[in-house]
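**Student:** With the sequence up front, the predicted model follows.
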Amino acid sequence: MVHYTDRVLFDEVWEREGLSKRDRSLVTIAALTALGKMDQLQFHLGFARQNGVTDEELQEALLHLAFYSGWPNGMGATSVLKSIVEQQD
């Protein structure tokens, strides 16, 4: 799994020219939030920040997603973001 994550997903898919890394981060966060995958979201919210997505944009995206993916998923994702921001600030 690690091999495919590193070599295929991050070396090939994330490096394609069709979307910026910033946009890929937002799409990934939307999918993980909708699916309730908070463990994976922990990494990808931090990665989105590295890819240029601001904390305010992430908060707004998660609020928007809560209405489409379910309030519990939105709240869970917001809690994950809050802990990331608190740890890094």
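**Tutor:** Now that the structure is in, tell me what you want to look at. Numbers count the residues shown, from 1 in each chain.
**Student:** Near Glu86, how many other residues are there?
**Tutor:** 8 (other C-beta atoms under 10 Å). C-beta: built from backbone N, CA, C; applies to glycine.
**Student:** any idea how far it lies from Trp14?
**Tutor:** Distance check for Glu86 against Trp14: by C-beta to C-beta, to the nearest Å, it reads 27 Å.
**Student:** Just the element for Thr78, please.
**Tutor:** helix 71-88 (DSSP states H and E).
**Student:** From the contact counts, what lies against the helix or strand bottoming out on mean pLDDT in the chain?
**Tutor:** Scoring the helices and strands of the chain by mean pLDDT, DSSP states H and E places helix 2-4 at the bottom, with a mean of 94. Helices and strands touching helix 2-4, by 3 or more C-beta pairs under 8 Å, 6 or more residues apart in numbering; DSSP states H and E: there are none.
**Student:** ok, which stretches of this structure are helices?
**Tutor:** 2-4, 21-35, 38-50, 55-69, 71-88 (DSSP state H).
**Student:** Give me the pLDDT value at the residue nearest to the spatial centre of the chain.
**Tutor:** By C-alpha atoms, centre = their mean, the chain has its centre lying nearest to Ile29, at 3.0 Å. Note on Ile29: pLDDT of 98.
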